[in-house]
Structures are given as C-alpha cells and as structure tokens.
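Undergrad: need the 3D shape of this:
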Amino acid sequence: MISIRVDLESPCPPETKPRLKRGRLTAALGSRRLDLATRTRRRKPGLGEMTVRGLMTRSAFALVAILSTMLLAGQPALAARPTPTKEATVIGTGGAAASVDAIATSVAIEILRRGGNAVDAAVAAAAALGVVEPFSCGLGGGGFMVIYSARDRRVFTLDGRETAPSAFRDDSFINPSTGLPISFAEGVTSGLGVGVPGTPRLWEQALARYGTIPLAAALAPSIGIARSGFEVDQTFHDQVASNQDRFKDFSSTRDLYLPGGDAPAVGSIFRNPDLARTYQTLAGRGMDAFYGGDVANAILTTVQHPPLVPGGMRNVRPGLMTAGDLASYQAISRAPTAIHYRGYEIFSMGPPSSGGSTVGEALKILEGFDLGSLTRAQALYLMLEASKLAYADRNQYVADPDFVSVPLQGLLSDAYAAQRRALIGPTALPVPVAPGDPSPFNSSTTHLTVSDRFGNVVSYTFTIEQIGGSGIVVPGHGFLLNNELTDFNFVTGTANSPAGGKRPRSSMSPTIVLKDGKPILALGSPGGASIITTVLQMLLERLDLGRTLPGAIATARISQRNSSTTQAEPAFFGTPERLALEALGEKFSSTPEIGAVTGIEFLSDGMVMAAAEPVRRGGGSAMVVVPQP
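TA: Numbering: from 1, shown residues only. Now for the predicted structure:
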C-alpha cells in the first residue's frame, strides 16, 4: 500500500496562493516509511514565464505523478521501462529534446509536458542518462551547461567540471622511481585519476537558479528506471564488453556489469537498485548527501582503496581525495565565450573548457574567407588549417582560469584572427603548428539539448571521461567514478599541468547560436578532443555550406587537432574531397567515428526541429512535445 500526502509552497500569484507554506511528502511502503523533504527555497523565478503562475493546481498533480514513480521504486522490481522508438529527426512545437538515448529523451519530454522548463527537463534527462548511458556520464563525473534565458534574453553558463584534490601536485603523475610520467592507461584505471565529481552540484545549482521543480521531481523518473530496469541495447552491451578486462578486476564493477562473467546480453533487462537508492537519498536529503555522509564516505574509500578482486595483477594507484575536497566542491557560474560570426552570435563554454575559445578562434579565422563561394573541398581545407592554428593556441594557453591567466579576449579578437589567417597558404601547413601570441590583442562524454515552449534553451555536455571512466563502481551506490584528472598534462610546467584544486582543461563545447538576439540553433557532442572539431564542422556545414541540421549531422566528419594526420571517418575516404585535400598536402588516418551530435534548430512559425545521430553510437533520439502532423 502507498499513501501520499503533498503540501507544497505554491509560486502562484497571491490571490491563488495556498496557505500551506511548507510540507513534506510521506509515503508508507509496506512496513517501510519514506519521508522526503519537498520544501521550496526562496529564490528567483525560473526561466522565461515558467514561474508556475497559475499552474500550481495541475503542476501539483503532475508532481504527485512524478514522485509516485520514485516511491514505487522502493517496492520489489517493477516491469522494465519500455524503450521508445528512436527517431533521428522530429519537427513540432511545445519544446524539444535530443540525446543519445530514447529513454532519456522521453524523460525530458515528460517533464516538458508536465509544465517544466528546459532546465528541469535537462536535469531529469541527465539523471536518466546516468542510468541508461552510465559509461559516458553520471553522478561520478562533471560537465558544462549553457543556458539561454528567454526572460533575461541572455546566455548563462555553469561549470561543473571535476577538480583535483587539494593534495594533488604538478608531479603527481610522475613516477618517482623513473622521473617519467606514468602511462596514460595506468592513470585512467586508478584512484589517482579520479577528480572530485561536479555533476551533482551542477544539477542542484541549475535547478535552484533556473529551474522550477524540486530535485526530487527531477530524479524521480530515473529512480524508477534504475529500479525497474530497461532493455539492454547493442551499444550498452558493446561498451561493457570493450571494458571487460578492466571491469572484472574491481569487485563492485564486476558484480554490477558482468553478471555471470559476461556483458549483459542484448535484449536482457538491466537493473541498478544501488543507483536507485543513491538517487532516492539525494532526492530526500539534497546534494549535501553526496558531498558528505555515507555516499561521500563510500566515494573516499573507493578512491583511496580501490576494490580490487583478490589475486588481481593490475597495478591500481590509490587517489588523494579527502573529505574536505568533497565538502568544498562548488559549481561555478562563469561568463560564456561569445563571438560575432557573419551576423550570428555564437555562445559556448569558456575556460577551463577549451571548447568555446578554440571553436571561436577557428571561426574568427574562417570569417575572413567567403566560404559560400568556394568548393566544398576548398572550404574543408580552410577549416582544417584554421583548426591547426586554433589547437596550437589551445594547447599553449587554455587551462583553469583560477590558476592561469588565459588570454581569451586576444584569442577571440578580429585582429589576432587576421594575424593567424595570414599563415594559411595554398598548401597545408606543416604540423605541429607553433602557437601565436594573443597577448597584445587581449583586453570529452554525452550531450543533451533541450528547449521549452517558453523560449529557453539548454545545451549540456557532461562526462566521466573515458568510456567506463576509471572502471571503478562505488560499492553499494551503483555509479562509476571518472578519470577526469588524466585531462591534465602529465608533465610539469605547462598551463594545464596538475595542481591541487585545479580543474583540468576540457574540450566540451556546448553551443547556442543567436540571430537578432533569438536562438536559432543549439548543439554539442561528446568525443574528447574531437568535440571541438565536431562542433566546428557542424557550424561550418550549417551556417556556411547550406546543409540542413540533419544533413550536417549525417555528413562524414574529419578532425584536425594540430597533429601529423587528420582523422577521418571511413565514409570520408570515398569522397572527392579527400583526393582534393590530399593534393593540397593534407594527410588522413581512419577512425571509426567522430562525435555523436545532438541539436535543436528553431524554425519559422514557432516550429522546432530536434535532431540526433542516425547511425553513430547506435543512433540517437530526437523528440518534440507536439509532433508536426
């Protein structure tokens, strides 16, 4: 038997505001009792018109429906969540969402249909991705969120990047017995590579500042999914199988992801009751329960004493994280990067992400060419050359701005772009290209894109770094820890060398494009260092070369990061552009796939197009609240 009582403070106008100002949600589950706080904090209204004015009557019922899912999670396992049909492109109204997974996208749409705004839906869908896409993201990682507020007509960003423990030094990745950096693989699968997670604080801050529903409501769908389970698809199976050698060495990871010693079979039902209980704890107590108490203690024990299977031969270095590191973590509001490009305003994430600065610098270089009048091969050639130059500057200058002075204004200035542009000639620049000097001009993962009917937009990239992160599940809590500290340079003396409390440089590039002050496009991608080139190519294809958003997503990708060869997807090798670019001196190497884009484009007459990958990573999922007939 389940009994529910909800007393909520209503943000309705005074004439309709209920007298009950505070309350609690209480549920009896058989002989157990669950008591969850639903007190609302006094804060600014949410984005756009979503102050829940006049909506409290129906929103309260909607909240009961959402929280019922959470309460049912306390019972024995229910029927697994059905997987919606995947569609790569959908047009309609009332808000949209696109992600790599159909279940997560459907969670975002459910929240939008119940009156939530884009931030509410993004957090709820992100929590769902932590269940169904756990090898790319989750509570144990971090990320960056870019938000367009229709009410303020401004773009805001939140930095939930992981931080190095306070005891971390610039030589923490140096083997003292050799004086050389440890191997990258050894840094990945270790406690040493685990940064203080930022995702939980980012979700909390996003909802508190820009959302309209409580954390419990945002987590409720995912609690039900984790508890009742979902159908394993080929991508989930393959990601476990590719990590089998690592996962089997940690008892907690083996027990969760290798039942019977093998990856879960495609079509089987996967459940994660430990993660459901962790989400329930956070729903009831808030994110302080992650950064202190039992969850924090479990994280620290896992990092400092990784749960190796007895008799294992893997050398797993312990980490340096302490209770103080967890307790002091903060998600930070930062100014977005902003450039003008051919009449568009392009906003993205600033340092410690290098996405906004590197994409922005490359676009400013390209702005000096009339790309629309060139052949496709000529335009791609210029994109590759601009990428080389921008990556050289990224590697030299961009890091955590709280620790180094990043010449961001210079990197994105017209004058510096002209100086770098002058280096591009009729044949390919030899690589590596040297960095320039912007100072005289100075004054990696999954991606989720959401919009709502109020005009708000969220572009959110978040990750645990490697597929499978550190490979270490926190025992009893059901989530993988990141290996984000391996994004530092392992050597000393660079802008991106490690330091205690420092955030490693990232390539995440969540992007929102405005025209005449209104959003026209939002997109992003996972993919490590190739995120930047993926977003750059998407913008080039859509804004300069006339491809539709779905067409741009489906196009074969190439990625030049100031390296000896340009990575290219197999489909690119059969194109005439490949031969034309090789004649100009470009060299290519094959890679299976680059990125996994999701995006939303705002069309005329209030219509919106949601678009995801048709093939990459098993295909993504795009949905709208009200599909076009």
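Undergrad: could you pull out the strands for the stretch 501-629 of the chain?
TA: 511-515, 518-524, 558-559, 566-568, 588-590, 598-602, 608-612, 621-627 (DSSP state E, counting those that start in this stretch).
Undergrad: just how off-centre is the second one within its chain?
TA: In terms of CA atoms, centre = their mean, to the nearest Å, the centre of strand 518-524 is found 16 Å from the chain centre.
Undergrad: ok, now the fourth one?
TA: Distance of strand 566-568 from the chain centroid (CA atoms, centre = their mean) equals 24 Å.
Undergrad: can you list the strands that it pairs with?
TA: In the sheet containing strand 566-568, its partner strands are strand 558-559 (antiparallel), strand 588-590 (parallel), by DSSP bridges.
Undergrad: that older thread, format the strands of the stretch 501-629 of the chain as TSV; extra columns: mean pLDDT.
TA: As requested, those are arranged in TSV below (pLDDT from 0 to 100):
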stretch	mean pLDDT
strand 511-515	97
strand 518-524	96
strand 558-559	97
strand 566-568	97
strand 588-590	97
strand 598-602	97
strand 608-612	97
strand 621-627	96
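Undergrad: how about those in CSV, adding mean neighbour count and distance to Glu133?
TA: Yep, even glycine has a C-beta here, placed from its N, CA and C like the rest. Listed next are those as CSV, based on neighbours: other CB atoms under 10 Å; distance: least, CB to CB, whole Å:
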stretch, mean neighbour count, distance to Glu133
strand 511-515, 22, 21
strand 518-524, 23, 15
strand 558-559, 25, 22
strand 566-568, 23, 23
strand 588-590, 13, 26
strand 598-602, 27, 12
strand 608-612, 28, 13
strand 621-627, 22, 11
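Undergrad: any chance of those in JSON lines, plus distance to Ala296?
TA: Output for the strands of the stretch 501-629 of the chain, formatted as JSON lines (distance: least, CB to CB, whole Å):
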{"stretch": "strand 511-515", "distance to Ala296": "34"}
{"stretch": "strand 518-524", "distance to Ala296": "30"}
{"stretch": "strand 558-559", "distance to Ala296": "38"}
{"stretch": "strand 566-568", "distance to Ala296": "39"}
{"stretch": "strand 588-590", "distance to Ala296": "43"}
{"stretch": "strand 598-602", "distance to Ala296": "32"}
{"stretch": "strand 608-612", "distance to Ala296": "35"}
{"stretch": "strand 621-627", "distance to Ala296": "34"}
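Undergrad: for Ala164, find the nearest of these.
TA: strand 518-524 (24.8 Å; CB to CB).
Undergrad: downstream neighbour of the lengthiest helix in the chain in the secondary structure list?
TA: Across the chain, the longest stretch assigned as helix under DSSP state H is helix 376-397. Next along the chain after helix 376-397, taking DSSP states H and E as the criterion, comes helix 408-411.
Undergrad: what is the helix or strand following that next one packed up against?
TA: Following helix 408-411 in sequence order, the next helix or strand is helix 414-421 (DSSP H and E). If you count contacts as 3 or more CB pairs under 8 Å, 6 or more residues apart in numbering; DSSP states H and E, helix 414-421 packs onto helix 355-366, helix 376-397.
Undergrad: do that again at 6 Å, thanks
TA: Packed against helix 414-421, as judged by 3 or more CB pairs under 6 Å, 6 or more residues apart in numbering; DSSP states H and E, are the following elements: helix 355-366.
Undergrad: and the angle from the lengthiest strand in the chain to strand 608-612?
TA: Assignment by DSSP state E gives strand 89-99 as the longest strand of the chain. Angle of strand 89-99 versus strand 608-612, following axes from the mean of the first three to the mean of the last three CA atoms, to 10 degrees, is 60 degrees.
Undergrad: strand 89-99 packs against which elements?
TA: For strand 89-99, the elements it packs on are helix 102-113, strand 446-452, strand 598-602, strand 608-612, strand 621-627, judged by 3+ CB pairs under 6 Å, 6+ apart.
Undergrad: buried ones in that strand?
TA: Using 16 or more other CB atoms under 10 Å as the test for burial, strand 89-99 gives 89-99.
Undergrad: count of neighbours near Leu584?
TA: 16 (other CB atoms under 10 Å).
Undergrad: contact partners for it?
TA: 381, 427-428 (CB atoms under 6 Å, 6 or more residues apart in numbering).
Undergrad: quick check: pLDDT value at it.
TA: On pLDDT, Leu584 comes in at 96.
Undergrad: and for Asp605?
TA: At Asp605, pLDDT is 85.
Undergrad: quick revisit: can I get the helices and strands packed on strand 89-99 in JSON lines with distance to Leu549?
TA: Output for the helices and strands packed on strand 89-99, formatted as JSON lines (distance: least, CB to CB, whole Å):
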{"stretch": "helix 102-113", "distance to Leu549": "16"}
{"stretch": "strand 446-452", "distance to Leu549": "11"}
{"stretch": "strand 598-602", "distance to Leu549": "5"}
{"stretch": "strand 608-612", "distance to Leu549": "5"}
{"stretch": "strand 621-627", "distance to Leu549": "10"}
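Undergrad: output the below-cut-off pLDDT ranges for the chain.
TA: The chain contains residues with pLDDT under 70 at 1-78, 443-444.
Undergrad: now Phe247. Nearest residue, chain neighbours left out?
TA: Thr253 (4.5 Å; CB to CB, 6 or more residues apart in numbering).
Undergrad: so which of the strands of the stretch 501-629 of the chain is nearest Ala79?
TA: Nearest to Ala79, of the strands of the stretch 501-629 of the chain and by CB to CB, is strand 621-627 at 20.8 Å.
Undergrad: can you show me the CA trace of the closest one as PDB?
TA: The C-alpha coordinates for strand 621-627 follow below in PDB (Å, rounded to 0.1, in the frame of the first residue of the first chain):
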ATOM      1  CA  SER A 621      16.800  10.000 -30.200                       C
ATOM      2  CA  ALA A 622      15.000  13.200 -31.000                       C
ATOM      3  CA  MET A 623      11.500  14.100 -29.700                       C
ATOM      4  CA  VAL A 624       9.200  17.100 -29.500                       C
ATOM      5  CA  VAL A 625       6.300  17.800 -27.200                       C
ATOM      6  CA  VAL A 626       3.700  18.200 -30.000                       C
ATOM      7  CA  PRO A 627       4.900  16.500 -33.300                       C
END
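Undergrad: elements contacting the helix or strand where the residue nearest to Phe247 lies?
TA: In this structure, Thr253 sits in helix 251-257 according to DSSP H and E. Packing contacts for helix 251-257, counted by 3+ CB pairs under 6 Å, 6+ apart, involve helix 244-247.
Undergrad: before we move on, back to that, out of the contacts of Leu584, which is most surrounded?
TA: The residue in the contacts of Leu584 with the most neighbours, by other CB under 10 Å, is Tyr381 (23 neighbours).
Undergrad: residues contacting that residue?
TA: 581, 584.
Undergrad: the chain should start at 50 in everything you say after this.
TA: Sounds good: first residue 50 from here, last item Tyr430.
Undergrad: relative to Phe622, how far out is it?
TA: Separation of Tyr430 from Phe622 (CB to CB, to the nearest Å) stands at 16 Å.
Undergrad: Gly409 is nearest to which of the strands of the stretch 550-678 of the chain?
TA: Nearest to Gly409 among those is strand 560-564; the distance by CB to CB comes to 9.6 Å.
Undergrad: check what contacts that closest one and list those residues.
TA: Here strand 560-564 makes contact (CB under 6 Å, 6+ apart) with 195, 197, 204, 393-397, 506, 508, 569-573, 584.
Undergrad: just stretch 640-659 next, same as before
TA: By CB under 6 Å, 6+ apart, stretch 640-659 touches 139-140, 142, 145, 147-149, 496, 498, 500, 568-572, 574-576, 579, 583, 598, 602, 606, 608, 616, 618, 660-662, 665-666, 669, 671, 673.
Undergrad: ditto for stretch 532-546
TA: Stretch 532-546 has contacts (CB under 6 Å, 6+ apart) with 211, 213, 219-220, 222, 230, 236-237, 242, 244, 448, 453, 514-515, 518-519, 547, 553-554.
Undergrad: and the helices and strands packed on strand 138-148: which comes nearest Gly190?
TA: For the helices and strands packed on strand 138-148, the distance to Gly190 is smallest for strand 495-501, at 9.7 Å, taking CB to CB.
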